[in-house]
Each structure stands twice: as C-alpha cells, then as structure tokens.
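Participant: what's the 3D shape of this:
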Amino acid sequence: MLNPKITKVTPQDGFELLLVYETGERRRYDAKPCIYGSWMGELADPGYFSQVGLLMDGWSVCWPNGQDIDPCVLYRESVAV
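Facilitator: Just a heads-up that it's a prediction; the model follows:
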C-alpha cells in the first residue's frame with residue numbers, strides 16, 4: 001500500500017518536520033539522522049532546512065538543491081502528533 005500524500009510540510013526547531021497527510025494525520029519526523037555528508041549535510045544550516053517543500057504533488061519533501069527523503073521513511077519513522 002502506498003503512503004498517503006503529504007499536503008503540508010512545516011520545518012520545526014531541532015531539524016524536525018511537521019507533516020500533514022491527506023488523511024488528516026499529523027506526524028513529526030526527526031531529520032537529524034539524515035543530516036550527514038557533503039550533500040545532505042547542507043540541511044544542517046537552519047536557514048536552508050527551513051526551505052523544505054513538497055515534491056511530486058505531495059509524495060515526499062525536498063529542498064532547493066535536490067535533497068529529498070524517501071516517503072516510506074518519512075511515514076514509518078515519524079510519530080503521530
């Protein structure tokens with residue numbers, strides 16, 4: 001089964017993302033474990049991290065330089081709020 005689409009993503013303090021899904025579900029994802037290396041490490045800049053947006057009509061999230069996070073990981077590793 002596919003994960004539901006994300007309708008809104010909001011960056012939070014501490015490199016977390018608040019995700020709102022088409023089902024109305026709200027989930028919080030901790031992105032800190034993804035922030036390493038030269039490419040994903042760009043997310044360590046809070047100003048850049050805050051530029052997160054939706055990718056492909058809500059199937060995932062992305063940043064201006066092309067970083068993204070697998071939608072299955074977003075859903076599976078996030079917690080309901």
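Participant: quick one: Leu2 from Ala31, how far?
Facilitator: 22 Å (CB to CB, to the nearest Å). Every C-beta, even on glycine, is put in place using the N, C-alpha and C of the backbone.
Participant: Which one's more surrounded, these two?
Facilitator: The residue with more neighbours, out of Leu2 and Ala31, is Ala31; 22 against 8, by other CB atoms under 10 Å.
Participant: what about the closest residue to the more buried one other than its chain neighbours, neighbour count?
Facilitator: Excluding its sequence neighbours, the residue lying closest to Ala31 (CB to CB, 6 or more residues apart in numbering) is Phe15, at 4.8 Å. Residues lying near Phe15 (other CB under 10 Å) number 17.
Participant: Ramachandran coordinates for Phe15?
Facilitator: When read as degrees, to the nearest 10, the backbone of Phe15 gives phi 60, psi 40.
Participant: Then Gly66?
Facilitator: Main-chain dihedrals, Gly66, degrees, to the nearest 10: phi 100, psi 0.
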